[in-house]
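**Student:** Take a look and give me a structure for this.
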Amino acid sequence: MTENSFSAQDSRWAAHQGRVAVVTGAARGLGAAIARGLARRGATVVAVDLSAPEQTSKEIQEAGGTCVPLVADVSDPAAVRALHDAVLAACGPADILVDNAGIAGMAPLADVDFAHWRRVLSTNLDSQFLMSTAFAADMRERGWGRIVNMSSSAIYTNTTDMTPYLASKAGILGLTSGLANDLAPFGITVNAVSPAFTRTPLIDETVADGAMPADIDSLLATEQAIKRRATPEDIVGTVLFLTGEDSAFVTAKFIAADGGYRGKSQCTGLKVGGEAILRSALTGRLERTLLLLDVLTDDRQRGAADGSGEVGTGP
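**Tutor:** The predicted model follows:
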């Protein structure tokens with residue numbers, strides 16, 4: 001038995017045993033790692049990508065797991081419908097969906113035309129809507145499902161030349177919230193994971209092209225509590241938790257698997273609200289931060305109405 005084999009010990013805590021899991025963008029990088037992780041936990045994995053994810057399938061099967069590689073453009077409605085039917089025919093209805101397919105599409109804003117904008121938004125955001133709505137139908141019928149949408153910690157950074165990418169990844173959070181609320185009555189949870197800058201072929205190629213700084217690792221060391229770039233395996237555990245039974249009461253959440261990133265832009269626009277808002281934002285307490293901002297807005301409106309101009313600090 002090789003070091004990478006799915007051992008008998010794994011089967012004792014195979015929380016995904018008997019589940020069918022569809023992973024997009026699974027030919028390499030993070031998607032391939034997620035596919036391997038789900039297979040290790042006992043799931044039958046459907047690995048999907050624009051090019052056949054044969055290497056991912058081979059690695060899983062050689063380690064004793066089950067993987068069906070399929071090719072599909074998940075940004076195309078007709079292709080997604082065909083993919084759904086192919087999964088149903090090959091494996092039965094999907095229990096788990098991990099929407100991981102995405103592109104960076106970095107370019108100076110002056111060079112971003114509408115076709116570029118649509119290509120990034122279609123690949124990163126439209127695909128998650130199409131996949132989620134297609135596969136959630138079967139989950140609804142059976143009263144159980146897990147959907148994980150991959151976003152990005154880049155939306156919290158002062159990153160330039162990434163407007164379409166950032167818009168798409170921020171949009172995923174809104175999509176996740178909407179889907180989670182609509183699908184909760186049917187036993188389906190929907191969450192988003194925002195990874196840090198991860199050591200994947202996509203990021204490495206972007207650095208090599210000069211679209212990201214070559215010293216990205218040293219930059220991250222000053223912004224993260226964990227002083228290194230993430231590996232795909234660092235992210236997999238979060239996805240496994242969100243796709244298993246232990247996360248049954250977790251939905252509509254945005255989980256940052258980012259090594260304790262504390263970029264400056266997380267503080268932008270919050271100084272006026274006082275220390276309480278800043279503290280809430282930095283500790284990731286999104287709900288409290290939004291509440292404090294609402295209180296601040298109400299106080300401003302009252303101050304303007306009575307002419308006092310005074311603004312409270314909130315609870």
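**Student:** does Val22 sit in a helix, a strand or a coil?
**Tutor:** State at Val22, reduced to three classes by DSSP: H, G, I helix; E, B strand; the rest coil: strand.
**Student:** Okay, it and Ala230: tell me how far apart.
**Tutor:** Using Cβ to Cβ, to the nearest Å, one gets 23 Å for the distance from Val22 to Ala230. C-betas here are computed from N, CA, C, even on glycine.
**Student:** for Ile60, same thing?
**Tutor:** The value you get for Ile60 to Ala230, if Cβ to Cβ is used, is 22 Å.
**Student:** Look at these two and report which has more neighbours.
**Tutor:** Comparing Ile60 with Ala230 by other Cβ atoms under 10 Å, the one with more neighbours is Ile60, at 28 against 23.
**Student:** Pretty sure the more buried one sits in a helix.
**Tutor:** Yes: Ile60: assigned to a helix according to three-state DSSP.
**Student:** From what I see, it and Arg36 are in contact.
**Tutor:** Yes: with contact defined as Cβ atoms under 8 Å, Ile60 and Arg36 form a contacting pair (5.9 Å).
**Student:** How about Ala192, nearest residue that isn't a chain neighbour?
**Tutor:** Nearest residue to Ala192, sequence neighbours excluded (Cβ to Cβ, 6 or more residues apart in numbering): Thr176, at 4.2 Å.
**Student:** Output the lowest mean pLDDT helix or strand found in the chain.
**Tutor:** Within the chain, no helix or strand scores below helix 275-282, which has a mean of 44 by mean pLDDT, DSSP states H and E.
**Student:** what about the strands in this protein?
**Tutor:** Using DSSP state E, the strands of the chain run over 20-24, 44-49, 66-71, 96-99, 145-150, 188-195, 254-257.
**Student:** Could you point out which of these sits nearest Phe135?
**Tutor:** Taking Cβ to Cβ, strand 96-99 is the member of the strands of the chain nearest to Phe135, at 4.9 Å.
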